[in-house]
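K.L.:
Please find the sequence and the predicted model below.
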Amino acid sequence: MILDTNALSAFVDGDAAVGAILQTQPRVAIPVIVLGEFRYGIAESRHRKAYESWLDAQLRHFDVLAITEQTTISYAALRVGLKRSGHPIPGNDAWIAALALQHRLPILSRDAHFDAVAGVQRSSW
């Protein structure tokens with residue numbers, strides 16, 4: 001399962017529903033885009049030290065998904081398809097969806113726009 005930024009934030013903040021879902025998954029991954037968004041979000045947080053400590057201690061338990069040349073093929077195809085269908089999604093979420101397609105993993109997210117991406121399964125909490 002792939003976490004989007006909101007799911008990662010909820011998990012770090014102790015959301016029991018997210019934790020329960022993740023416990024049932026054989027693989028939990030964080031796209032490098034999500035990691036960047038999360039680090040950006042905590043950069044000015046009043047809880048910055050706590051979040052950075054959590055990352056230092058826990059990041060090794062997740063697969064960090066990097067963008068590869070193969071990812072760029074999925075990314076371009078899905079962005080074109082969504083634009084033509086009149087359902088574009090934010091650029092960073094298109095990268096997350098491309099990684100989900102590439103790795104054949106569902107996305108844990110509350111963002112319903114992922115539902116417009118053919119082949120991507122979204123779970124919520």
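P.N.:
Perfect, thanks for sending it. Because the structure is a prediction, the values reported are computed rather than measured. Numbers count the residues shown, from 1 in each chain.
K.L.:
can you give me the helices for the protein?
P.N.:
With DSSP state H, the ranges of helices along the chain come out as 5-12, 16-23, 32-43, 48-58, 69-85, 91-103.
K.L.:
now these as TSV including distance to S123?
P.N.:
Yep, even glycine has a C-beta here, placed from its N, CA and C like the rest. TSV is the format used below for the helices of the chain (distance: least, Cβ to Cβ, whole Å):
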stretch	distance to S123
helix 5-12	9
helix 16-23	7
helix 32-43	15
helix 48-58	21
helix 69-85	19
helix 91-103	11
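K.L.:
how about those helices in JSON lines, adding mean neighbour count?
P.N.:
As requested, these are exported to JSON lines (neighbours: other Cβ atoms under 10 Å):
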{"stretch": "helix 5-12", "mean neighbour count": "21"}
{"stretch": "helix 16-23", "mean neighbour count": "14"}
{"stretch": "helix 32-43", "mean neighbour count": "16"}
{"stretch": "helix 48-58", "mean neighbour count": "13"}
{"stretch": "helix 69-85", "mean neighbour count": "14"}
{"stretch": "helix 91-103", "mean neighbour count": "22"}
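K.L.:
Adding mean pLDDT and distance to F114, write these out as TSV.
P.N.:
Putting these into TSV (pLDDT from 0 to 100; distance: least, Cβ to Cβ, whole Å) gives the following:
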stretch	mean pLDDT	distance to F114
helix 5-12	95	11
helix 16-23	96	15
helix 32-43	96	13
helix 48-58	94	24
helix 69-85	95	11
helix 91-103	96	6
